[in-house]
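Q: sequence and predicted structure below; questions after.
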Amino acid sequence: MPLRRPSAALAALLAVPLGTLVACSDEGDPAPASAQEINPYAGRGGYADPDSHTAQAAAQATGSGDAQQERVLARLAETPQGIWLTPEQEPAGQVGPYVAEIVAAADDAGQVPTFVVYGIPDRDCSGGFSAGGLPADEYGPWVQEIADAADAGDHVVVVVEPDALPGALECGDREERVRLVADAVDDLAAAGATTYVDAGHANWVAPEDLAPLLEQVGVEDVRGFATNVSNFQSDEDEWAYAEELSGLLDDARYIIDSGRNGFGATDDWCNPPGRAFGTQPGAVTDHGSLDAYVWVKPPGESDGECGGGPPAGQFWPERALEIAAASGW
């Protein structure tokens, strides 16, 4: 009788070197799912940085005796928001300790910090108000420092490079951008950070045009992608856009930035007036491939020196209070 070939599963098992079969704990329980296999926001609240620009503005309102402003800004400061990492504010040698401190505090609180890596060369090439970033040869080590610090956390989320891939279709340097984002995705995923790659928004690049770039950077090997970061498109429009994009990417999961989209879409992306807060941050369990609504862009921070705003990333108390008033706060 001829020998039968082993099944594919048995063959894979026999191919594993002795000593590496550690998928189960001593008690025989299965190993925990990887960071890319679970919704990081399910069952855990988001982390609100007590030293954020918003929290600092709330403290200033307290000092000035403005009770109404203090109430609104304190409430906003307590709402989980993205923690943006830029080489201008957190350069190499400083970004690692900064991330490690936040990761430790979030772990102690049983919460999830959401970091935004924003330092790619020729950053914001399409808008210009957040121009900057690192030289290509310095970008990888900077991201690796972030990854090393994130590795100490139980649950860490990272959104990778807002606008980088959609912008590559407009600004050039496509090959370099894809390579740098792909390397960043690999480093962050290897560190155990739940990783979402930025995927623009519903009023920009068509899903069929962006999907190939997301595939090239390895989005199918991580949790998925993020949409509407720093933008104002409605939940409904973003959900439809993201579901179409997800379908092109083997049902990749995604998050939607709902921080300032309470009144829906606008063609003006830079400090448009008349905005409102959107859906509160939190996990979603029954809406397609959507993991969560997340306030990735802190709603009180300026988009740039446009519409009367201060430089990009600076806290703008007047606009924050306007948005809060429009939201019924």
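A: Done, it's in.

Q: residue contacts, Ala325?
A: Residues counted as contacts of Ala325 (Cβ atoms under 8 Å, 6 or more residues apart in numbering): none. Backbone N, C-alpha and C define where each C-beta goes, glycine included.

Q: and the pLDDT for it?
A: pLDDT recorded at Ala325 is 97.

Q: Arg177 reaches Ala168, doesn't it?
A: Yes. Between Arg177 and Ala168 a contact is recorded at 4.4 Å, counting by Cβ atoms under 8 Å.

Q: burial count for Glu305?
A: Residues near Glu305, counting by other Cβ atoms under 10 Å, number 15.

Q: what do you get for Arg177?
A: Arg177 has 25 nearby residues by other Cβ under 10 Å.

Q: so who does Gly300 touch?
A: Neighbours of Gly300 in contact, by Cβ under 8 Å, 6+ apart: His53, Thr54, Ala57, Leu73, Leu76, Phe315, Trp316, Pro317, Arg319, Ala320, Ile323.

Q: now, these that are in helices?
A: The helices, defined by DSSP state H, take in His53, Thr54, Ala57, Leu73, Leu76, Pro317, Arg319, Ala320, Ile323 from the contacts of Gly300.

Q: my read: the last one touches Gly274, true?
A: So that's Ile323. No. The criterion here is Cβ under 8 Å, and Ile323 misses it with Gly274 at 9.1 Å.

Q: so which of those two has more stuff around it?
A: It is Ile323, of Ile323 and Gly274, that has more neighbours when counted by other Cβ under 10 Å, with 24 against 10.

Q: show me what contacts the more buried one?
A: Contacts of Ile323 by Cβ under 8 Å, 6+ apart are Arg260, Arg275, Ala276, Phe277, Pro299, Gly300.

Q: give me that answer again for 7 Å
A: Arg260, Arg275, Ala276, Phe277, Pro299 (Cβ atoms under 7 Å, 6 or more residues apart in numbering).

Q: just name the closest of these to Asp122, please.
A: Arg260 (25.5 Å; Cβ to Cβ).

Q: and the closest one, how many neighbours?
A: 25.

Q: can you check Asp51 too?
A: Asp51: 13 neighbours (other Cβ under 10 Å).

Q: let's verify the residue nearest the centre of the chain: helix, strand, or coil?
A: Nearest to the geometric centre of the chain sits Val159, at 2.5 Å (Cα atoms, centre = their mean). Secondary structure assignment for Val159 (DSSP: H, G, I helix; E, B strand; the rest coil): strand.

Q: beta partners of it?
A: Val116, Tyr196 (DSSP bridges).

Q: hang on, the earlier thing: in a markdown table: the ones in helices among the contacts of Gly300, plus distance to Tyr293.
A: Output for the ones in helices among the contacts of Gly300, formatted as a markdown table (distance: Cβ to Cβ, whole Å):
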| residue | distance to Tyr293 |
| --- | --- |
| His53 | 21 |
| Thr54 | 18 |
| Ala57 | 23 |
| Leu73 | 21 |
| Leu76 | 16 |
| Pro317 | 24 |
| Arg319 | 21 |
| Ala320 | 19 |
| Ile323 | 16 |
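
Q: and which of those residues is nearest His201?
A: Ile323 (18.5 Å).

Q: and that closest one, how far is that from Ala57?
A: Remark: distance between Ile323 and Ala57 (Cβ to Cβ, to the nearest Å) = 13 Å.

Q: report the two of the contacts of Ile323 separated the most.
A: Going by Cβ to Cβ, the pair spanning the contacts of Ile323 furthest: Ala276 and Pro299, at 9.4 Å.
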